[in-house]
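Trainee: Fold the following.
(chains A and B)
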2 protein chains.
Amino acid sequence: MAKSQALQTNLDVDYVVVYRFVKTDKASAIAKFEKLVEALASVGLQTEVRNGENHSVLLFLRVASEEHLFGEVYRSRVRDWIHGVRVAAPPKETREALEAEPLYEAERLRIIYQLITNPVSEGGAGITPKEGEWEDVESIFALHDHAYNKDWIKKWSTSYFLTTEDLDDIRNRLGEKIAFYFAFTQSYFTFLIFPAVFGASAWLLLGHFSPIYGIVSAIWCTVFTEWWKHQETDLGVRWSVRGVSKIEQKRKDFRHEKEVTDPVTGETIRIFPATKRLRVQALQIPFAIAAATMLGTLIATCFGIEVFISEIYNGPLKTVLVFLPTIILTVFMPILTGILTNFATQLTHAENYETQGAYEKSLTQKIFVLNVITSYLPIFLTAFVYVPFGNIIVPHLDIFSLTVRPFAENEKQLQSPKEGFSINPDRLRKQVIYFTVTAQVVNLGMELIVPYLKRKGFAKYKEFQSDREAKNGGNPPSPDANDPPEDAAFLQRVRQEAELDVYDVTTDLREMVMQFGYLSLFSVVWPLTAVSFVINDWLELRADAIKICVEMQRPTPWRADTIGPWLDSLSFLTWLGSLTTSALVYLFSNDGLGPDGHPANIKGWALLLTILLSEHAFFVFRWGIRVAISKLDSPGLQKERRDRYLVRKQYFDENLSQLEKVPKMAEKGDEITRASLEEDARQSSLHKSTPLTKFWGRQKGWKETASVGRNLIEKADFSNKTESKKEL
Amino acid sequence: MAKSQALQTNLDVDYVVVYRFVKTDKASAIAKFEKLVEALASVGLQTEVRNGENHSVLLFLRVASEEHLFGEVYRSRVRDWIHGVRVAAPPKETREALEAEPLYEAERLRIIYQLITNPVSEGGAGITPKEGEWEDVESIFALHDHAYNKDWIKKWSTSYFLTTEDLDDIRNRLGEKIAFYFAFTQSYFTFLIFPAVFGASAWLLLGHFSPIYGIVSAIWCTVFTEWWKHQETDLGVRWSVRGVSKIEQKRKDFRHEKEVTDPVTGETIRIFPATKRLRVQALQIPFAIAAATMLGTLIATCFGIEVFISEIYNGPLKTVLVFLPTIILTVFMPILTGILTNFATQLTHAENYETQGAYEKSLTQKIFVLNVITSYLPIFLTAFVYVPFGNIIVPHLDIFSLTVRPFAENEKQLQSPKEGFSINPDRLRKQVIYFTVTAQVVNLGMELIVPYLKRKGFAKYKEFQSDREAKNGGNPPSPDANDPPEDAAFLQRVRQEAELDVYDVTTDLREMVMQFGYLSLFSVVWPLTAVSFVINDWLELRADAIKICVEMQRPTPWRADTIGPWLDSLSFLTWLGSLTTSALVYLFSNDGLGPDGHPANIKGWALLLTILLSEHAFFVFRWGIRVAISKLDSPGLQKERRDRYLVRKQYFDENLSQLEKVPKMAEKGDEITRASLEEDARQSSLHKSTPLTKFWGRQKGWKETASVGRNLIEKADFSNKTESKKEL
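Mentor: Now for the predicted structure:
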């Protein structure tokens, strides 16, 4: 089989399990492997094993028993219906259900993955990679569809916009969770075009720190955030996943303190006391403070050094020394962030959430806080500390002279000028440009290059290792030694894919949300921000597609009906933007010179009033936008309404059909006849005549009531017509 | 039948229809009456007609066909289930459903009322009181249960607190909507005890405008608002009405512009263009401005006159003239409010909402705005205009000298002292005391006395009128002329009840919410506010019970799962309180003398910073409270969870039972035998040998895979154990 052919076919393989037995001894590795194969076979999967790289075997799986898969599909759809994701129950006959609604690829892969990983009690094989008894199962991944991937990247790289059908395509292949990321980025990209055009005009015509640009930008950010929520709903309906985030997925790592059996339902409830969790959650506050302090100190120190060197120091090597803080940041920041992220993960783990959703939300919040500090604090320091208080602080920066003392020729070079120091209003702009252009480009490059280097480096390392082992005398068999020639190319490809990283969509989402933050918070400093982002995001969308296709294992398709906790981050950044933008506009009005022509002469009350008014204008405007958007109709909402109407109608008709049988009121007592009156008298003498029977016995049937009523009305006095009849 | 006995029995009457034919001519009155009786009989109601007061007849209704009622009950329960109010579908057999879940009185009355008023297409009689062809139907009301009412009032007037069972009782009798009002007021009353105790201590120990009191009060208001939301959910589950507000009730007055038939569902949709509605809604802004201007001008004028008379004018009759503004307010305010309320109603009508819920929400919002202006503006003016700007404004109040010029003896009495005017910090406190004590007491009295006087006055008027008619020669027959003696007392009682007013629960709710506003907004001025409210509300709860029992017709029991739009008002007032309380504390710190000992020396930035910090502290705290309360468990939530679990389990079991039939994976290829290998070879030569069949054909069954895997693992190099086997 030629290499090109190996890329064309997946040989019907649904999933590949990487079983790496490097940590275990031989006997137990074999025993566990046998158990694994048996467990997988028991849920109707056909297995083939081949040699893998580096103490591993590759177990190929495909669905053998379609019946079993259908059962799983049906079970999944019933669960969806019970949780309100589907409006109607699926047809009872599974085959019929599948014909009415065929599986799409992502659904098929998701269900097979669940078949492999779900607990045995829920009908799965119970394989939990890297955990418990399955710790040797390194990963479970599907094979890339290289032909499709090639078309995908080719199509995207030659088109400006992605259509909804393109997103549908991603959803069908990679699942809703990843499709939501692409949909979000695409929406954001489309929305960016307006501020890019407006920003460019503002840059040309209005200058920096234009209040008009500030207001338009704040409005745009609010509209985008609110519109995206609407869009999410619409896509959720389009992809039939609306409400899936409400299906609570129990966390496997959840540790319960006690088990209680509900006396009413008989359900076993695992309990972890909320107070205990609260005590752990309370650690979030010291954690946030510590993180802010550590990162803040690092950033502030580098900032101080930089200001000192660039604005006070005037000795030799200034042009070189100016890079010193950047070097410090580049070295220490990733280390510190890494440590803090690790700590955040452990803290979230200790909080011991019961559901996967709660866990992810809590972790995302922590990561978001860390990111806010590292991304925005430098600009905050410049805008709200350096500019207003620069005159007071900068003269005290002498302490940083330590860092450059070895290079100074005399003391004078290290001393700040007693007078005449003026803050540099251009510093802020340069910083914003750095973060919104340079950093974005670097980031984009890193995303593509780092995994590539990692891959190459890893290959080199392996080569080196096997060389060394060969020298040491031990010469382990090459994994492809036994490959049948016709499968060799295919197996080589699979071995390669097995070594790839696992794609994590939240990293990409975070990147987009943090980018949105620059726009919302600081774009008033440099209105071309959005122009840079439009270009960057066009590339980003394509680069992410390439990353998924080439650098990463094929992701397991998960469902989602939202971008999750990042939505809250988006709202938060929009709100914060209403504060910073107004403050920046006031502080730097008069082209960066402050309202009175001097940046330090800022009136506290005017600044606070600006912020206060801006924030409340934002609240009112956001409310208005929400109301307006809630009135918008969309194909998704229409579809949902129709489905719901039809299902209700059907249920109603089904349940009420028997009510038709209830006989209509028989009309008795057609006329007041002598006979009927006699009957009345007879009835009242026969029965015990209570006030009740007497009261209700006077008029029999509605016709009698009507005729008595006619009498009463006729006897009534009709205003001016004085034809009052006195006789009864 | 003695009078006391007439109060004891309702003679099985479910509803009384008052048919008043004063506007119609005789012939059409009779025709319409006949139609009415026929329509009612057609839905299974037994009828009896009796003479009523003042050109009316009373039509007594009781359920004749229990079958028909059961059908209605079942229909209502199915609708609840479809809309998610009930978790499980009701049993298909109606009689069985009713036995499992018997009707409570309010449910029975509601369903009969719906049977009378629902459109014919939905199985009702289609009677719409005062509207369209039924404009002569003045009202439809149920009879009071006097024995129960007596017990109710007796029980309440001798107990301090109401238990949940007391509320259940109201719910069973008067329906959930009224029960929710009582539950809210009771919760509020219970919560008030803390600020009453704390306020009294603060009054004694901390003085006025204490920041500590301000913070505690703001916290309390937030906790109460958030806790009530939790309580609403709990009660909603307890009373099985959770979600009823989501069942959209179409408004009868909705005017559609066109009818569209949905191409997919065939449903007829009535459309009123949203843009047209938006154009009408836009009128809300000029309306709010106009209302604020008109009411504001009136209030500000009276305020100015009052300040002028009490603080500048020093001529004769000062003690009398000081009441002039109060008189102006008392005369003009109700007129103006009446006009504006009327206008608000018409505006809301013109907005032409499709559902009853949207209509009520919009109207409530407008009424709330009016109430905020009339209730809080006077205090706002004193606190935020008179105190900070008094020194500037008061000298210009000379214009109001016009009002007292006739009484002044010389010009000097009308002129403000050139110097030495100092604002009166006690004015604010007096005003708050007026609104939180005097006005509340007056209000409570009015609620009981006005309807009483109205009733008496009406009786007098009728007497006078019939006297005059007797003089004019026309002597209409007394309505009780034909009453059978045994029914006379009962009929007299019913005639009395027919003339009573209709109870509107939103008025009472509004009163409570506005009262809460004083506490949230201004109680820092006078910490005893809550003490006054505790006393007032204890009485209020009882007075409302008496009002419902004595002054009003028995209300038709409606369902609700919330206090509706007033909940938003509550949140709004809590938020506004965080602003006013902090501003008041800052402005009047130093015991009402301002931060620097002089009320006019206020620093703008400090005031704004106080407000800004306070507001954001409020946001953070509210978020914390929401999170904390969302974690709380409650009997209602437990019940809901259990019900949901059981229903899901049942559905799941029902739907998945057939999956059991799917056969488990047959285990083929138990051993790799020579025979099986030969079989393989034969198979591959028989079939067209594709790479696919070859790949999957190598290992037959999981046991083969396991044994091949064992081989592969055994051949692998186990780190230090250099027992690498090279042979295959």
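Trainee: the strands in chain A, which residues?
Mentor: A:15-20, A:45-51, A:56-63, A:137-141, A:258-261, A:268-271 (DSSP state E).
Trainee: could these go into a markdown table alongside distance to B:Trp228, mean neighbour count and mean pLDDT?
Mentor: Where C-beta positions appear, they are placed from N, C-alpha and C, glycine not excepted. A markdown table is the format used below for the strands of chain A (distance: least, C-beta to C-beta, whole Å; neighbours: other C-beta atoms under 10 Å in any protein chain shown; pLDDT from 0 to 100):
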| stretch | distance to B:Trp228 | mean neighbour count | mean pLDDT |
| --- | --- | --- | --- |
| strand A:15-20 | 51 | 24 | 90 |
| strand A:45-51 | 54 | 25 | 87 |
| strand A:56-63 | 53 | 23 | 88 |
| strand A:137-141 | 49 | 20 | 90 |
| strand A:258-261 | 30 | 10 | 84 |
| strand A:268-271 | 28 | 12 | 82 |
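Trainee: and A:Gln553, how many neighbours?
Mentor: Residues near A:Gln553, counting by other C-beta atoms under 10 Å in any protein chain shown, number 21.
Trainee: any idea how far it is from chain B?
Mentor: Going from A:Gln553 to chain B by C-beta to the nearest C-beta, to the nearest Å gives 20 Å.
Trainee: does that residue really touch A:Phe141, like I thought?
Mentor: Yes: judged on C-beta atoms under 8 Å, A:Gln553 makes contact with A:Phe141 at a distance of 4.3 Å.
Trainee: shared neighbours, these two?
Mentor: Counting by C-beta atoms under 8 Å, 6 or more residues apart in numbering or on different chains, the contacts common to A:Gln553 and A:Phe141 are A:497-498, A:502.
Trainee: Among the residues you listed, which one sits closest to B:Glu704?
Mentor: Nearest to B:Glu704 among those, counting by C-beta to C-beta, is A:Ala498 at 22.0 Å.
Trainee: any idea how far chain B is from that closest one?
Mentor: Using C-beta to the nearest C-beta, A:Ala498 is found at 15 Å from chain B.
Trainee: How about A:Arg495?
Mentor: 13 Å.
Trainee: Name the nearest residue to that residue, sequence neighbours excluded.
Mentor: A:Glu53 (5.2 Å; C-beta to C-beta, 6 or more residues apart in numbering or on different chains).
Trainee: tally of neighbours for the one you found?
Mentor: 17.
Trainee: which residues touch it?
Mentor: Neighbouring residues of A:Glu53 by C-beta under 8 Å, 6+ apart: A:462, A:479, A:495, A:498-499.
Trainee: would a markdown table of those residues with neighbour count be doable?
Mentor: Putting the contacts of A:Glu53 into a markdown table (neighbours: other C-beta atoms under 10 Å in any protein chain shown) gives the following:
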| residue | neighbour count |
| --- | --- |
| A:Lys462 | 13 |
| A:Pro479 | 21 |
| A:Arg495 | 21 |
| A:Ala498 | 21 |
| A:Glu499 | 17 |
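Trainee: From the recorded domain assignment, give the ranges for chain A.
Mentor: Split into domains by automatic domain parsing, chain A comes to A:3-143, A:151-642, A:684-715.
Trainee: Mind checking those domains for the one nearest to B:Asp234?
Mentor: Smallest distance to B:Asp234 across those (C-beta to C-beta): 17.1 Å, for domain A:151-642.
Trainee: Can you give me the end-to-end span of the closest one?
Mentor: Counting by C-alpha to C-alpha, to the nearest Å, you get 36 Å between the two ends of domain A:151-642.
Trainee: What are the buried residues along the helix of greatest length in chain A?
Mentor: When chain A is parsed with DSSP state H, its longest helix is helix A:439-471. By neighbour count on 16 or more other C-beta atoms under 10 Å in any protein chain shown, the buried set for helix A:439-471 is A:440, A:444, A:447-448, A:451, A:455.
Trainee: What of stretch A:328-337?
Mentor: So stretch A:328-337, judged by 16+ other C-beta under 10 Å, has buried residues A:328-329, A:336-337.
Trainee: any chance of the residues you listed in TSV, with pLDDT and distance to chain B too?
Mentor: Listed next are the buried residues of stretch A:328-337 as TSV, based on pLDDT from 0 to 100; distance: C-beta to the nearest C-beta, whole Å:
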residue	pLDDT	distance to chain B
A:Ile328	87	34
A:Leu329	84	31
A:Leu336	91	27
A:Thr337	90	26
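Trainee: Can you lay out those residues as CSV showing distance to B:Ile373?
Mentor: Shown next, in CSV, are those (distance: C-beta to C-beta, whole Å):
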residue, distance to B:Ile373
A:Ile328, 59
A:Leu329, 56
A:Leu336, 55
A:Thr337, 53
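Trainee: which of those sit farthest apart?
Mentor: Greatest spacing in the buried residues of stretch A:328-337, by C-beta to C-beta: A:Ile328 and A:Thr337 (14.1 Å).
Trainee: thinking again about what came up before, mind putting the contacts of A:Glu53 into CSV with pLDDT and distance to A:Ala706?
Mentor: What follows is the contacts of A:Glu53, written out as CSV (pLDDT from 0 to 100; distance: C-beta to C-beta, whole Å):
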residue, pLDDT, distance to A:Ala706
A:Lys462, 72, 99
A:Pro479, 68, 97
A:Arg495, 87, 92
A:Ala498, 87, 88
A:Glu499, 84, 91
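Trainee: Could you find which two of the residues you listed are furthest from each other?
Mentor: Pairwise distances across the contacts of A:Glu53 peak at 12.9 Å for A:Lys462 and A:Ala498 (criterion: C-beta to C-beta).
Trainee: gap between the two ends of stretch A:123-142?
Mentor: Stretch A:123-142 end-to-end distance (C-alpha to C-alpha) = 21 Å.
Trainee: Taking the centroid of chain A, which residue is nearest it?
Mentor: Nearest to the mean C-alpha position of chain A, by C-alpha atoms, centre = their mean, lies A:Ile563 at 2.4 Å.
Trainee: Report the contact partners of that one.
Mentor: Residues near A:Ile563 by C-beta under 8 Å, 6+ apart: A:180-181, A:184, A:232, A:509.
Trainee: Filter those down to just the ones in helices.
Mentor: Residues of the contacts of A:Ile563 located in helices (DSSP H): A:180-181, A:184, A:232, A:509.
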